[in-house]
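K.L.:
Return atomic coordinates for the entry below.
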Amino acid sequence: MTEPAVRTAGGETAGQTLPVPRPAKIPRELSFDPFRGSTAVAAGLITWRMLDGPAWRRLLPDVYVHEASYLPDDHRMWCAAAAARSPKGAAVCGLSAAYLWGVDLLPLVRGGGPAVAVQLALPKSARPDPHPMISYRNAGQWSGLQSGGEGPRWEGRQARAVP
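P.N.:
You can find the predicted model right below:
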């Protein structure tokens, strides 16, 4: 163990080296995709104090991503973050859904502007939680998303196409 360094009046150390902090331990489950902080803390994977550190980025309330995985213009990352925070019955829709299926219809962002907001359809019973990176739609606006009709049907957090 290194003894603490003695600092002089000028802030320099007097002949001893300062201890080097250990790098943060990053659980593999949290290394790549956005996750709910409360769920990770409850599972014992990380602490709230660690989430406040420089290794993590807060994307949305209670949604974090590892600093190395953070890309501000990565629409897939923002879709995953919105899905992690979305209520039951919500689904990524519109241009965001097309993007996740490999059809890039998103407008080009030039000059380092903000990324395009994720389009998220909510069931009528859900209340939107405003955020500049999420654009909410009422699922009732699309007859195919309503129960009992043809088209996609709600299955948890995803809509499944039904012929």
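
K.L.:
On the three-state scheme, the spatially closest residue to residue 118 that is not a sequence neighbour is what?
P.N.:
By the measure of C-beta to C-beta, 6 or more residues apart in numbering, the closest residue to residue 118 outside its immediate chain neighbours is residue 82, 4.4 Å from it. C-beta: built from backbone N, CA, C; applies to glycine. Following DSSP: H, G, I helix; E, B strand; the rest coil, residue 82 is assigned to helix.

K.L.:
Repeat that for residue 106.
P.N.:
The three-state label given to residue 106 by three-state DSSP is coil.

K.L.:
contacting residues around it?
P.N.:
Listed by C-beta atoms under 8 Å, 6 or more residues apart in numbering, the contact set of residue 106 reads 75, 95, 99, 116.

K.L.:
One more pass at 6 Å, please.
P.N.:
Residues in contact with residue 106 (C-beta atoms under 6 Å, 6 or more residues apart in numbering) are 95, 99, 116.

K.L.:
What distance do you get for the residue nearest to residue 116 when sequence neighbours are not counted to residue 119?
P.N.:
Nearest non-adjacent residue to residue 116, counting by C-beta to C-beta, 6+ apart: residue 106, 5.0 Å away. Taken as C-beta to C-beta, to the nearest Å, the spacing of residue 106 relative to residue 119 amounts to 10 Å.

K.L.:
Show me the common contact partners of these two, please.
P.N.:
residue 95.

K.L.:
how long is stretch 121-134 end to end?
P.N.:
Across its full length, stretch 121-134 reaches 10 Å between end residues, using C-alpha to C-alpha, to the nearest Å.

K.L.:
same thing with stretch 27-47?
P.N.:
For stretch 27-47, the first-to-last residue distance is 11 Å (C-alpha to C-alpha).

K.L.:
Could you list the buried residues of that stretch?
P.N.:
Burial within stretch 27-47, assessed by neighbour count using 16 or more other C-beta atoms under 10 Å, is assigned to 30, 34-37, 40-41, 45-46.
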